[in-house]
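*Asks:* sequence and computational prediction follow.
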Amino acid sequence: MKKFVFFACLIYCLNGFGHIIIGTVLEPMVKSYGIHYGDGGQLIMNQFLGFLVGVLFAPAIVNAIGRKMTISLSLFLFTIAQFVLGSVHNWDLLLFIAPIGGAGIGITETVLAALIVGHLKERKASTLVLTEVFFGVGALVIPMISAFFILNGMWNASFTTVAILTSVTLIGWFLLSFGEMDPILKKQVKVSKQNKEKNSRKQYPKKQIPLLVIGAFFFFMYVGTEMVLPNYLPTILGKTTHLDVSTLALSITVFWLAMTIGRLCMTFIIDKIGYVKLFIISCIGQFFALVIFALSPSAIVSYIAIFLTGLLMGGIFSIGLLIINENSAGLEEWTTSLLVAMGGLGGAFLPKIAGELIDRFPISVTLWALVLFGFLLVVLMGAIFYYRKGTSEVVDKATA
């Protein structure tokens with residue numbers, strides 16, 4: 001089991017690389033290819049679209065070839081994409097390959113999260129948060145790696161480095177045994193026609209549908225808010241303070257560092273107070289931190305608020321996955337796929353809204369919009385617990 005958790009953390013770290021890497025080398029990439037920033041944005045968008053496709057198709061791929069082969073396939077797709085991005089000087093080909101790499105990221109995130117939620121026997125919550133810690137580590141480390149290569153005039157080596165690391169991970173994942181997890185990772189054999197018919201009838205109870213809908217909207221709002229902050233923090237602070245450009249850019253590092261520290265701390269706290277209490281504290285806490293940010297009278301208070309927001313938001317994603325998946329036995333891949341996909345949509349849609357608000361209105365409007373996003377997360381959290389109670393009662397009666 002420890003070996004599986006190790007690889008899950010390693011793969012999430014690679015996903016952290018994958019999500020951020022294009023942005024870290026966008027400046028030299030634009031100059032090297034002689035393109036516009038909008039073209040670079042298209043490359044990022046293509047990867048994001050591939051991510052969504054991977055998330056949505058992950059359950060079907062698992063049913064067809066099994067979990068171990070699915071993750072092997074996704075790592076292979078990501079590896080190929082990184083090698084191409086680092087070695088091919090044809091922009092149209094890069095636009096084509098980016099969604100393939102994005103699909104690989106989406107598949108691994110969905111399948112690994114569902115595996116932890118549905119099949120890990122103990123410490124599910126802390127393991128999920130731990131994988132998010134390593135995702136944050138990847139997001140923090142890749143800018144440093146890219147900065148080193150950019151300084152040495154070979155920015156594209158960032159992609160090649162990630163490709164090599166992913167190749168090694170793929171070989172280890174494919175060849176090694178994971179003990180008691182092996183039967184779960186292999187393709188499930190359909191024993192009989194009767195079992196096949198029974199499996200095909202597996203569906204969500206009617207009383208669970210409201211929980212899924214509210215949970216999906218919660219993830220839409222959470223990931224959207226999480227993406228607005230790092231994308232627009234320098235812009236917001238640039239309009240509310242008199243800081244220089246380098247200090248403004250530091251706000252993104254502060255936010256990601258706080259999220260990583262928060263996730264790391266939660267792996268120790270979660271077993272002491274329980275993931276339900278931690279989820280409540282995190283959701284309510286991030287709302288008040290955003291209020292402080294909106295009311296901030298100075299740069300120092302703003303940075304404190306940014307740090308607190310990142311610290312408290314760190315474990316919401318993984319704990320939310322666990323809570324909404326609690327009564328989805330046998331449907332973890334589908335539930336996780338839905339939630340991650342909705343999170344991805346929020347990550348595209350809410351930053352677009354924030355950008356429009358910044359362009360058209362005073363910056364205070366954007367700040368209070370962030371507070372509204374945080375408040376909606378608290379409201380949705382309350383609705384999740386309301387419907388979660390009803391769903392748990394239905395499941396208890398069915399299993400009694």
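*Replies:* Everything's here; your move. Numbers count the residues shown, from 1 in each chain.

*Asks:* can we go C-alpha only for contacts and neighbour counts from here?
*Replies:* Noted.

*Asks:* where in the stretch 301-400 of the chain is pLDDT low?
*Replies:* 329-330, 390-400 (pLDDT under 70).

*Asks:* all helices for it, in order.
*Replies:* 316-325, 332-360, 363-399 (DSSP state H, counting those that start in this stretch).

*Asks:* out of these, which one sits most buried?
*Replies:* helix 316-325 (a mean of 22; mean count of other CA atoms under 10 Å).

*Asks:* the inter-axis angle of that one versus helix 363-399?
*Replies:* On the basis of axes from the mean of the first three to the mean of the last three CA atoms, to 10 degrees, helix 316-325 is oriented at 30 degrees to helix 363-399.

*Asks:* from the chain's centroid, how far away is helix 316-325?
*Replies:* 12 Å (CA atoms, centre = their mean, to the nearest Å).

*Asks:* likewise for stretch 269-285?
*Replies:* Between the mean C-alpha position of stretch 269-285 and that of its chain there is a distance of 19 Å (CA atoms, centre = their mean).

*Asks:* what's that stretch in contact with?
*Replies:* Stretch 269-285 has contacts (CA atoms under 8 Å, 6 or more residues apart in numbering) with 123, 125-126, 309, 312-313, 315-316, 319-320, 323, 374, 377-378, 381.

*Asks:* hmm, which two among those residues are most spread apart?
*Replies:* 123 and 374 (28.0 Å; CA to CA).

*Asks:* and the helices of the stretch 301-400 of the chain: which comes nearest residue 32?
*Replies:* Proximity to residue 32 (CA to CA) singles out helix 332-360 among the helices of the stretch 301-400 of the chain, at 26.8 Å.

*Asks:* gap between residue 117 and residue 24?
*Replies:* Relative to residue 24, residue 117 is positioned 32 Å away (CA to CA, to the nearest Å).

*Asks:* which of those two has more neighbours?
*Replies:* For the pair residue 117 and residue 24, the greater number of neighbours falls to residue 117 (28 against 19), based on other CA atoms under 10 Å.

*Asks:* over to the more buried one. Which of the three states is it?
*Replies:* When classified by DSSP: H, G, I helix; E, B strand; the rest coil, residue 117 comes out as helix.

*Asks:* export stretch 132-152 as CSV, just CAs?
*Replies:* Once non-C-alpha atoms are left out, stretch 132-152 reads as follows in CSV (Å, rounded to 0.1, in the frame of the first residue of the first chain):
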residue,chain,number,x,y,z
GLU,A,132,-2.6,17.4,-3.3
VAL,A,133,0.5,18.5,-1.3
PHE,A,134,2.6,16.9,-4.0
PHE,A,135,0.6,18.6,-6.7
GLY,A,136,1.4,21.9,-5.0
VAL,A,137,5.1,20.9,-4.7
GLY,A,138,5.1,20.3,-8.5
ALA,A,139,3.4,23.6,-9.2
LEU,A,140,6.0,25.4,-7.0
VAL,A,141,9.1,23.5,-8.3
ILE,A,142,8.5,23.7,-12.1
PRO,A,143,8.9,27.5,-12.2
MET,A,144,12.3,27.1,-10.6
ILE,A,145,13.3,24.4,-13.1
SER,A,146,12.1,26.6,-16.0
ALA,A,147,13.8,29.7,-14.7
PHE,A,148,17.1,27.8,-14.6
PHE,A,149,16.8,26.6,-18.2
ILE,A,150,15.6,30.0,-19.4
LEU,A,151,18.6,31.7,-17.8
ASN,A,152,20.8,29.2,-19.7
